[in-house]
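Q: Return atomic coordinates for the entry below.
(3 chains)
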Amino acid sequence: MPRHPPRAKETLITISLTAPAAAAASPEAGRRREPRSSARRRPDRSQTRIGYIFVSGYTVLLLAFGILPTLYAVYLSFTKDGSFAGVDNFVKVFGDYRFLPAVAHVAVYLVFYLASLLVFVVLLALLVHGLGRRWLSTSYRFVFYIPGALAGASSVMLWLFLLDPTVSPVAFILRGFGFDNFVQTVSVDNLPIIFTVIAFWTGAGGWIVIMYGALNNISGDVLEAARIDGAGPVKTAIHIQIPLMRKWISYMAVMSLAAGTQLFVEPRVLSQASKGVVPPDYSINQLAYLYAFRQGDFNGSAAISLLLLLVAGALSAIFVFRGGLFERD
Amino acid sequence: MASQHRRSRLVPRIIALATGIAAVAALTACSGGGGDAGNSQYGFDAAAQDAKAPITVWVDSSREPIANAFKAANPDITVNVETYDGNSGGSDSFKTKVALFDQSGSGWPDVVFSTQQNDTSWASKSNNGGQPFAAVLNKGLLSDDFLTGFTKGANDPMTVDGNVYGVRNDLAPVVYWYNDTLMKQFGYDVPKTWEDYQALSDKVAAEHPGYILGSVGDSFQGPYIYYWGAQAPIFQVDGDTFTSNFSDPNAEKATKLIDHMLANKTLVNDSVFGADFVQKYSDKVLGMPGPAWYSGALFQNKDSLNAPAGSWGAADPLSWSGSDKVTGAVGGGVWYGSSHSTNLAAVAKFLEFVTSSDDAVKLASGLPAYQSAADTWLTEQASSGYYVGDFKSAITTAASSVWNGWGYPSFSAETAYASIIVPGISAGKTQADLVPQLQKEYDNQAQVQGYTVK
Amino acid sequence: MSATSIDARAGRRARVAISPSRWVSRALVTVVLIFFVLFFVVPIVWLVLAPTKTPRQLLLDGPFSFGAFDTLASNWNELMQFQNGIVWTWIGNSVLYTGVALVVTLLVTIPAGYALALTEFRLRKALLVITLIVMLIPSTALVLPIFLEMSAIKLVGNPLAVILPFSFFPFGVYLTYIYFSTSISKDLLDAARIDGAGEWRVFARVAMPLATPVIALVGFFNLVGNWNNYFLPFVMAPGRKSPIQVGLAELLSNVPLFNPTSGASITISLPVLALATLVSVGPVLVIFLFSQRFLVTGMTAGGTKE
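A: Purely as a prediction, here's the structure:
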């Protein structure tokens, strides 16, 4: 924590990368200050009023697009055509022959994706952090970050080109793996890796920047002490830097886990582009979409969405309450 | 303190008010779309009509020329032509897009072209309480005179309980296309049966390796050309029951045929529309069973095989020796009109134009479904001398011998084929290995769609 | 690694200490970094150069070759004339949805963060916790439930059905909360209050002038996230109301490579599709390039490297 009152610009920076930790700081800071001023200030009416007014817009949106949809999804998933249906919708969804394969697909993808993030993001952050020259390190980080501008359908479109051996600039790599045409490249067995590559390409840059900031927060004294003790770069990384980054690493893991379960854009665009070779029911979210639009079964769709929402919500709640967000360093 | 309590109740009040306003807005929006008193001169609840309203037409890229021709021929009607994938490969994009519009209550296109024939199964029904998308065509919109002009049976897949929901664009019976020049050059006879075809493949593999007799790389070829043409009961619907039987003798024979020819490399796994196919095989195709529209799509297409005149011909379709002379059919797209359209007069004009006008004949890439247009097209093809042999007779024979045992459930045979067989063959497996999985997938999809699987 | 840089600054000692093993490890580091640079950069370079080539050049020439400006112009025309300029409609939709949502977001989020940080009211803690939890839930998880809700009140297809969910930005509220609670002390506010300022004036005169960085940050994340959002507009804004990201995927049905059909009079060739992809991310890419300073460079300070 910075010891002097932070100026605006540094605060900005501090927010972006230490947001989780700072959450700990502020309630405590606030509490620390209160005893001093509580004698002077009581929760006064105009403050309360302005507080409510200021949060009203956001609260309406929170209700309309956070709480109510969740409640409505709960309602839909437990009813059928308006009348209570118990767990019928869930039974139908679980028994659907496409459900377990979709879960398996997403699970395998998550394993690859998380592994690649945990290994390569941390590695690249460490390497870039260790570069002597400031401009070099900035350039590297900028280069890694740029693909993030193409999130969503655009990056999949770009990768369509890259994955087709007949047009790809890296066709030699594809042919090296034995893929001579697009159909072979996007065969179902390769999809977890393909989706991992696309997601990593788009998302790693942002995480590298955050990890880099986290590394910056490690006090130079600690590193100096390690160097004096004779630790080389690898030892320092393993025993000092990575353990001190673990809050941010777990933040990255939880966010990516939650985002990965929602896989939709990539398999959908690939399914369209491959004319069905990538199945239209590859991921769980695609299945929910099919239920709603191809089968007209809104209740089943709500059941699947609810499951996904619960998984994301549980991960999020666990991290908020136990992930070190409210712990002191 | 009292005022503080009052204020803290302000927030929930504001929320309630906001929700109330939203609800009222929604209701008023709702009633706007309800339409006037049911306009039943067409046999269904039409919206208020406006003779000057623009119409939106969805076509696939192959049908874009005819839509533009209509535009040119009718400058007084505003036509917005939009292209989409045409529902090809059973992608269901027609159904999912209409479902989205059903949800928003507006924005439907006025005319839609679909390459599949099974859309009537959902377009004629109400989805989630809305009005069925497809307009009934034979109860006032199109004249009986016009409708009887279609080739017999062409509009059957779109007829439910006496209501016709769509008009057929073309018929696509499978014939046997052969490269006359090459066949004569190598001294081969045109095969008449599947057995002949297989025997020919052995000869070609031995004497002229590199020359091919067909492709199974597109998801429509396997099911519609080979299995349907082999009279294999792998996709059958009876009311609400679905059956798929790959162990039937005909099905097994077809599977063996495909495997045999894949093994001797006379059957390839490249899509006939891919740039690959043209590059590799453009002058190596000895012949192939295929639908009538291969004429415009492959042979007379400068971006595809671009065959010189007089080199190709069409022969009677292949069948098993000693069995019924039946053949398959690959599509024959359908034009649908929207029941939500505000300019049904223009819609009717459009439908008549694209199926029966001179432009329709001129731009046809296959056998038109409208009888008079079909006759003209066949005569023109014959008289132009582009094809050798008796082109007209082959096509007409094929058109009247399409096996009527094939089913039109609410899902396509192509989706499962595309995700299981095409990549499986690409990975080196055999057709025989893969068909149990395919049968299971057909059964599963039928079940999900609500059919009883036998 | 930091030890090395401290060493380098130490001067003479560093020069003597470069041993073969250091060389090898330095080379290894460079190789790994270069590999990843290529991984991240080659696709972007290819994408930027592709629209300048003809389809043949795209297939045969190297990925880093430049075509011709003429080709770029003709590809541009082809794209913009496709289906009577529907690409402009899509872009216009994106601008509308993202732009209006940006304004609404800022109007709603900044005051909310301020209130959570610097005022007291009964639901404050609860709201904060709920915001935290919802913030970590990916937006895709809520798309279908929101869709089902919107379809129940028949708002699907209305631009508001896209704009309002876009304006719901708990992450922005949280950022603002952190920012205000660390950069403004309550004493400062109290001083203003004692001077007779009402709450509105306190907010306007004390907090707002300091809020520029957080407004920029919230605005940036909101804009980028909404512009690239696919799933929500995909179900909420069909047809001509689609934003450019959704429209881009529709273009696929006209690209012969991915949707081969016959006799098409208007097809989209690959360079044109690449141009469309570039156009769809154009604004965000430009914003990234210009905010490079405060995003990437700025995120280094605030630590101990004085």
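
Q: So out of everything in chain B, what residue is nearest chain A?
A: B:Ala418 (3.4 Å; Cβ to the nearest Cβ). For the C-beta atoms, the positions are set from N, CA and C on the backbone; glycine is no exception.

Q: Would you confirm that that residue contacts B:Ser91?
A: No - look at B:Ala418 against B:Ser91 with Cβ atoms under 8 Å: they stay out of range, at 9.4 Å.

Q: what touches both of those two?
A: A:275-276 (Cβ atoms under 8 Å, 6 or more residues apart in numbering or on different chains).

Q: which intervals of the chain have sub-threshold pLDDT?
A: As the question left the chain open, I've gone with chain A. A:1-43, A:323-329 (pLDDT under 70).

Q: switch to chain C, that's the one I care about
A: In chain C, residues with pLDDT under 70: C:1-18, C:256-267, C:293-306.

Q: all strands of the stretch 51-200 of chain B, in order?
A: B:55-59, B:79-83, B:111-114, B:159-160, B:163-164, B:166-168, B:170-171, B:174-179 (DSSP state E, counting those that start in this stretch).

Q: Would you mind giving the ones you listed as a markdown table with distance to C:Asp187, mean pLDDT and mean neighbour count added?
A: Formatted as a markdown table, the strands of the stretch 51-200 of chain B follow (distance: least, Cβ to Cβ, whole Å; pLDDT from 0 to 100; neighbours: other Cβ atoms under 10 Å in any protein chain shown):
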| stretch | distance to C:Asp187 | mean pLDDT | mean neighbour count |
| --- | --- | --- | --- |
| strand B:55-59 | 63 | 92 | 24 |
| strand B:79-83 | 62 | 87 | 20 |
| strand B:111-114 | 67 | 95 | 26 |
| strand B:159-160 | 77 | 88 | 16 |
| strand B:163-164 | 78 | 93 | 20 |
| strand B:166-168 | 75 | 94 | 25 |
| strand B:170-171 | 81 | 91 | 26 |
| strand B:174-179 | 86 | 95 | 26 |
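
Q: among these, which is nearest C:Ile34?
A: Across these, C:Ile34 has its closest neighbour in strand B:79-83 (43.5 Å, Cβ to Cβ).

Q: Show me the domain layout of chain B.
A: Domain ranges of chain B: B:50-168+B:333-368, B:174-326+B:381-453, per automatic domain parsing.

Q: just to revisit the earlier point, put together TSV for the strands of the stretch 51-200 of chain B, with distance to chain A on each row.
A: Putting the strands of the stretch 51-200 of chain B into TSV (distance: least, Cβ to the nearest Cβ, whole Å) gives the following:
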stretch	distance to chain A
strand B:55-59	16
strand B:79-83	14
strand B:111-114	15
strand B:159-160	18
strand B:163-164	21
strand B:166-168	20
strand B:170-171	21
strand B:174-179	21
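
Q: Of all these, which one is nearest chain C?
A: Across the strands of the stretch 51-200 of chain B, chain C has its closest neighbour in strand B:79-83 (5.7 Å, Cβ to the nearest Cβ).

Q: Mind listing the strands the closest one pairs with, and their directions?
A: If you go by DSSP bridges, strand B:79-83 pairs up with strand B:55-59 (parallel).

Q: How far off centre is the strand it pairs with?
A: 17 Å (Cα atoms, centre = their mean, to the nearest Å).

Q: What helix or strand is the residue of the stretch 351-454 of chain B at minimum distance from chain C located in?
A: Closest approach between the stretch 351-454 of chain B and chain C, counting by Cβ to the nearest Cβ: B:Ser365, at 5.3 Å. For B:Ser365, there is no enclosing helix or strand under DSSP states H and E.

Q: cool, and C:Arg56?
A: C:Arg56 belongs to helix C:55-60, assigned by DSSP H and E.

Q: Let's see the following helix or strand past that helix as PDB, backbone CA atoms only.
A: The C-terminal neighbour of helix C:55-60 among helices and strands, as given by DSSP H and E, is helix C:69-81. C-alpha atoms of helix C:69-81 as PDB (Å, rounded to 0.1, in the frame of the first residue of the first chain):
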ATOM      1  CA  PHE C  69      -4.000   0.800 -52.700                       C
ATOM      2  CA  ASP C  70      -6.200   0.400 -55.800                       C
ATOM      3  CA  THR C  71      -7.100  -3.100 -54.600                       C
ATOM      4  CA  LEU C  72      -7.900  -1.700 -51.200                       C
ATOM      5  CA  ALA C  73     -10.200   0.800 -52.700                       C
ATOM      6  CA  SER C  74     -12.000  -1.700 -54.800                       C
ATOM      7  CA  ASN C  75     -12.400  -4.100 -51.900                       C
ATOM      8  CA  TRP C  76     -13.700  -1.200 -49.800                       C
ATOM      9  CA  ASN C  77     -16.300  -0.400 -52.500                       C
ATOM     10  CA  GLU C  78     -17.300  -4.000 -52.800                       C
ATOM     11  CA  LEU C  79     -17.900  -4.200 -49.000                       C
ATOM     12  CA  MET C  80     -19.800  -1.000 -48.800                       C
ATOM     13  CA  GLN C  81     -22.000  -1.800 -51.700                       C
END
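
Q: who touches helix C:69-81?
A: Under Cβ under 8 Å, 6+ apart, the answer for helix C:69-81 is C:51-54, C:57, C:87-88, C:268-269, C:271-272, C:275-276, C:279.

Q: Now stretch B:71-78: buried residues?
A: B:71, B:77 (16 or more other Cβ atoms under 10 Å in any protein chain shown).

Q: next one: that stretch to chain centre, how far?
A: With Cα atoms, centre = their mean, you get 27 Å for stretch B:71-78.

Q: Next: stretch A:221-239.
A: The answer for stretch A:221-239 is 31 Å, by Cα atoms, centre = their mean.

Q: Distance across that stretch, terminal residue to terminal residue?
A: 15 Å (Cα to Cα, to the nearest Å).

Q: Ok, stretch B:136-154 next?
A: Start-to-end, stretch B:136-154 (Cα to Cα) is 16 Å.

Q: What lies in contact with it?
A: B:41-44, B:135, B:155, B:163-168, B:171, B:332, B:337, B:339, B:344, B:347-348, B:351-352, B:355-356, B:369-372, B:374, B:399.

Q: try stretch B:269-286
A: A:166, A:181, B:178-179, B:182-183, B:186, B:188, B:204, B:208, B:210-213, B:215-218, B:221, B:262, B:268, B:297-298, B:303-306, B:422, B:425-426, C:256-257, C:260-262.

Q: likewise stretch B:428-447?
A: A:97-98, B:234-235, B:242, B:244-246, B:251, B:255-256, B:258-259, B:262, B:409, B:411, B:413, B:415-417, B:419-421, B:424-425, B:453.

Q: Keep only those of those that are in strands.
A: B:242, B:453 (DSSP state E).

Q: Please give me every residue in contact with the residue of chain B closest to chain A.
A: A:275-277, B:89-90, B:219.

Q: right, and the strands of the stretch 51-200 of chain B - which one's nearest C:Lys154?
A: Closest among these, using Cβ to Cβ: strand B:55-59, at 21.3 Å.

Q: how about the residues of chain A near chain B?
A: A:45, A:48-49, A:52, A:56, A:59-60, A:63-64, A:96-98, A:166, A:181, A:183-184, A:187-188, A:272, A:275-280, A:292-296, A:298 (Cβ under 8 Å from any Cβ of the partner chain).

Q: Among the residues you listed, name the buried ones.
A: A:48-49, A:52, A:56, A:59-60, A:63-64, A:96, A:98, A:166, A:181, A:183-184, A:187-188, A:272, A:275-280, A:292-296, A:298.

Q: near chain C too, which of the residues you listed?
A: Answer for these near chain C (Cβ under 8 Å from any Cβ): A:48-49, A:52, A:59, A:64, A:166, A:272, A:275, A:292, A:298.

Q: before we move on, the earlier item: so which of the contacts of B:Ala418 comes closest to chain C?
A: Nearest member of those to chain C, counting by Cβ to the nearest Cβ, is A:Lys275, at 6.7 Å.
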